[in-house]
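1. Predicted structure and sequence below. I'll ask about it afterward.
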Amino acid sequence: MRLWPHHPALLAGLWVLVQAVYLRQFHGPHFANDSARYLEYATNIAERGYFEPGHNLRYVLYPLFQSIWLGLGWGWWGIVAGQMAVSALATQAIYRGTRRLAGGRREAAALATLLFIGWPDIQPFNVFLLTESLFISLVALSFGAFTRVQHGRRRDWAWLLVVLLLTALARPNGFMVALAAGLAGLDLLRRSSNRRPWHAALLLLALLSPLLWRALNHQARHLLPDGHLPTGRAHFPLPAWAVHQAQPLDMPPAGTGPAARVLYFAVHNPTYLGRLMLGKLFVFISYLKPHYSLAHRVVGVLVLWPAYCLAVLAARRATIWRPARIFLAAMFLLQTAIVMLTVDDWDVRFLAPVLPAVFVLAALELTARLAPRAAAFFQPAQREEELAEALPPARPRL
């Protein structure tokens, strides 16, 4: 194809066009349901340097990001411009990271980037005054940074640590990206011929276990049976989508710690919890929420469902760098587990941040499967051309 050498420029142009479309659709920066509390928090930071304790502190990076543009006097348009700038870097990270995993080939990188740009529930967040745009971009940047550490350079490791820290500060569930990277690192140490680093890592985890337990309790405080689990809701705004109790639930005793309450609830209500978690899993990944338009649901079924299958196959493909496979799969599975223990939101705010992992794996698998067929398809024509060049020109008849 004549346009193929220019596909990076075409993707960049498509990205710009998509941003312009959503800016026009939402008439500029879009003020949504949670925007007020972020903007209020950001204003306090910009004007007084005050970081208010409480729930909003768990999203601290986003108000801090907003405060930069408010402090410069650029207002909402400055925030959206900043979000778009970070999103552009994230798009580049998707392309380059996928290309590294594909051994330098561009087909998978182009497909993954096209899906990241064109998916209808990712780029619109760039014009929303919500955490999602920055969080999605940081997840993509984390992926790009993770693929760079194959070279083992110190600056690449330093950049990865910085991006993972920023991602953890952007949303309460941001820690799952660093946790996914940690799991990939542990697997790499476990498979190493030198067992000392693996044993040292296990010892370090044992020594840090009290601190890790405290961190787990801190996160579990918002996931617990006295919150979403007993209600049976598989989807937050729809009481009709609920699992009903066949018998009274056995609740944990008063004074039980947050993480222990979840474990107690799971052990004493296994059937109810299993049904509830399966329901939440379906709502989360199916893309069939009843308030979606028919076209939206059809696109989800035709694109996402095959992408899930391809991503599962890619996670088992040995030709893809194993730590990256574990990192991408773990990131998606950890986010899914969080939703299964809490509740899915009205829109795609919980799914969109981990869709890049699905798109990257699916693109790698699809192009790996199509590459031999494409080569076989073009090979006969190439042979005919080579044969025609090798034969001498026919002599004209007299």
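-> In hand now; what should we look at?
2. Let me see the contact set for the spatially most central residue of the chain.
-> Taking CA atoms, centre = their mean, the centroid of the chain lies closest to Val354, which sits 2.1 Å from it. Val354 makes contacts with Val139, Met331, Phe332, Gln335, Thr336, as judged by CB atoms under 8 Å, 6 or more residues apart in numbering. For the C-beta atoms, the positions are set from N, CA and C on the backbone; glycine is no exception.
3. Out of those, list just those in helices.
-> Per DSSP state H, helices hold the following members of the contacts of Val354: Val139, Met331, Phe332, Gln335, Thr336.
4. now, which of these sits nearest His244?
-> Thr336 (23.3 Å; CB to CB).
5. wait, that closest one sits on Val283?
-> No: in this structure, Thr336 is not within contact of Val283 by CB atoms under 8 Å, at 11.2 Å.
6. Who has more neighbours out of these two?
-> Taking other CB atoms under 10 Å, Thr336 and Val283 do not tie; Val283 has more neighbours (23 against 19).
7. Point me to the helix or strand that includes the more buried one.
-> Assessed by DSSP states H and E, Val283 sits inside helix 270-286.
8. helices or strands up against that helix?
-> helix 322-341 (3 or more CB pairs under 8 Å, 6 or more residues apart in numbering; DSSP states H and E).
9. May I see the buried residues of the helix it packs on?
-> 323-336, 338-341 (16 or more other CB atoms under 10 Å).
10. Can you list the helices and strands that the helix or strand harbouring Leu207 packs against?
-> Element membership of Leu207, judged by DSSP H and E, is helix 196-220. Applying 3+ CB pairs under 8 Å, 6+ apart, we find helix 196-220 packed against helix 175-190, helix 258-268.
11. Run a quick neighbour tally on Leu202.
-> By the criterion of other CB under 10 Å, Leu202 has 13 neighbours.
12. got the contact list for the helix or strand containing Val312?
-> Per DSSP H and E, Val312 falls inside helix 305-314. Contact partners of helix 305-314, identified using CB under 8 Å, 6+ apart, comprise 115, 285, 287, 320, 325, 328-329, 332, 357-359, 361-362, 364-366, 368.
13. Drop anything exposed from those.
-> Going by neighbour count (16+ other CB under 10 Å), those have 115, 285, 287, 320, 325, 328-329, 332, 357-359, 361-362, 364-366, 368 buried.
14. And the helix or strand harbouring Ser67, what's buried?
-> Here Ser67 sits within helix 61-71, counting by DSSP H and E. By neighbour count on 16+ other CB under 10 Å, the buried set for helix 61-71 is Leu61, Tyr62, Pro63, Leu64, Phe65, Gln66, Ser67, Trp69, Leu70.
15. now stretch 280-298
-> Here stretch 280-298 shows Lys280, Leu281, Val283, Phe284, Ile285, Tyr287, Lys289, Tyr292, His296 as buried, counting by 16+ other CB under 10 Å.
16. Output the lowest mean pLDDT helix or strand found in the protein.
-> helix 355-390 (a mean of 74; mean pLDDT, DSSP states H and E).
17. which intervals of the stretch 251-398 of the chain have sub-threshold pLDDT?
-> 346, 374-398 (pLDDT under 70).
18. Please repeat the previous calculation with a cut-off of 90.
-> 251-266, 268-280, 282-284, 286-293, 296, 338-349, 371-398 (pLDDT under 90).
19. re earlier: which one of the contacts of Val354 is nearest to Tyr38?
-> Val139 (18.7 Å).
20. Tell me how far the closest one lies from Phe327.
-> 11 Å (CB to CB, to the nearest Å).
21. now Ala178
-> From Ala178 over to Phe327 the distance is 10 Å, taken as CB to CB.
22. Could you do Ala85 as well?
-> Per CB to CB, Ala85 is found 25 Å from Phe327.
23. same thing with Lys280?
-> Noted for Lys280: a distance of 24 Å to Phe327, by CB to CB.
24. No more questions from me, cheers.
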